[in-house]
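Visitor: no sequence for this one, just the structure:
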């Protein structure tokens, strides 16, 4: 474990691309475990959170998000800063990561900026029983699974396409399913200095299963924000 108590630079060295294929998830929660404030994660954000958020996007090959999160958080196009794009090109990567949305219902708006302004045509992972949808006009729709999205098959397909470094930003249902399928290799967790109370859920919910032990790789702080990086325990 590496424990760091000052804000380091550059962050990309602390959140690197890994030699092996990796599914990394990035979440934020309050000190009492709430994943949202008033239904959105924005109420939890604070100093340093955006920098880590951007760094994780910079180093990934594909960003995987549940359709509910795309709608609730009003995702826009997956565009990076010029500096991040230069870093990616210098590292031999594509200029932009691939946007991947997991949706069983295909209830998505083709006019939402995540599709309409996308620099790279997004991929939507669904299942073979999903209804027809106009989203196929603005995204590549891929069915994995018969009546539910087979996440393991979807991850394998992305890796076969060269997306070895996957980043998941939510939501809790998707994370819970990824944990149940034993697909999570890393968790980057931001803890906000808030007691949110209320009815907000935790960062993961879904099928039960055995706990997966993780190893703490580093601890960062900025002002009162706490940033933890866990990796699968070997």
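Guide: Everything's here; your move. Please read these numbers as outputs of a predicted model, since none were measured by experiment.
Visitor: tell me the SS of residue 32?
Guide: coil (DSSP: H, G, I helix; E, B strand; the rest coil).
Visitor: how much space between it and residue 44?
Guide: 11 Å (Cβ to Cβ, to the nearest Å). Bear in mind the C-beta positions are built from the backbone N, C-alpha and C, glycine included.
Visitor: Residue 229 now?
Guide: Taken as Cβ to Cβ, the span from residue 229 to residue 44 is 18 Å.
Visitor: What of residue 60?
Guide: Taking Cβ to Cβ, one finds residue 60 at 21 Å from residue 44.
Visitor: Neighbour count: those two, which is higher?
Guide: Ranked by neighbour count (other Cβ atoms under 10 Å), residue 60 and residue 44 place residue 60 first, with 27 against 24.
Visitor: quick one: that one and residue 24 touch, right?
Guide: Yes: assessed by Cβ atoms under 8 Å, residue 60 is found in contact with residue 24 at 7.3 Å.
Visitor: what residues are shared contacts of the two?
Guide: 165-167 (Cβ atoms under 8 Å, 6 or more residues apart in numbering).
Visitor: so which of the residues you listed comes closest to residue 119?
Guide: The closest of the shared contacts of residue 60 and residue 24 to residue 119 turns out to be residue 167 (Cβ to Cβ; 16.6 Å).
Visitor: May I have the phi/psi pair for the nearest residue to that closest one once chain neighbours are set aside?
Guide: Leaving aside its sequence neighbours, residue 167 sits nearest to residue 60 (Cβ to Cβ, 6 or more residues apart in numbering; 3.8 Å). With angles defined as degrees, to the nearest 10, residue 60 sits at phi -90, psi 160.
Visitor: Ok, residue 150 next?
Guide: Torsion angles, degrees, to the nearest 10, at residue 150: phi -90, psi 100.
Visitor: Could you do the one 3 residues further on as well?
Guide: Here the main-chain torsion angles of residue 153 (degrees, to the nearest 10) amount to phi -70, psi -40.
Visitor: ok, it touching residue 142?
Guide: No: between residue 153 and residue 142 there is no contact under Cβ under 8 Å: 9.6 Å.
Visitor: what does the model give the residue of the chain most remote from its centre for pLDDT?
Guide: Relative to the C-alpha centroid of the chain, counting by Cα atoms, centre = their mean, residue 132 is the outermost residue, at 26.2 Å. At residue 132, the model reports a pLDDT of 92.
Visitor: in this protein, which spans are helices?
Guide: Here the chain has its helices, by DSSP state H, at 49-59, 67-72, 82-90, 113-116, 151-160, 172-180.
Visitor: Not counting the last one itself, show me its contacts.
Guide: What it means is helix 172-180. 23, 25, 27, 35, 64-66, 68-69, 102, 151, 168, 184, 201-209, 212.
Visitor: Strands of the chain, start to end?
Guide: 2-3, 22-30, 62-66, 98-102, 123-126, 140-143, 165-170, 186-192, 214-222, 225-232 (DSSP state E).
Visitor: For my notes, please list these in a markdown table and give mean pLDDT for each entry.
Guide: A markdown table is the format used below for the strands of the chain (pLDDT from 0 to 100):
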| stretch | mean pLDDT |
| --- | --- |
| strand 2-3 | 49 |
| strand 22-30 | 97 |
| strand 62-66 | 98 |
| strand 98-102 | 98 |
| strand 123-126 | 98 |
| strand 140-143 | 98 |
| strand 165-170 | 95 |
| strand 186-192 | 97 |
| strand 214-222 | 93 |
| strand 225-232 | 96 |
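Visitor: Need these in CSV (columns: mean neighbour count).
Guide: Shown next, in CSV, are those (neighbours: other Cβ atoms under 10 Å):
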stretch, mean neighbour count
strand 2-3, 10
strand 22-30, 22
strand 62-66, 24
strand 98-102, 24
strand 123-126, 24
strand 140-143, 16
strand 165-170, 25
strand 186-192, 21
strand 214-222, 16
strand 225-232, 19
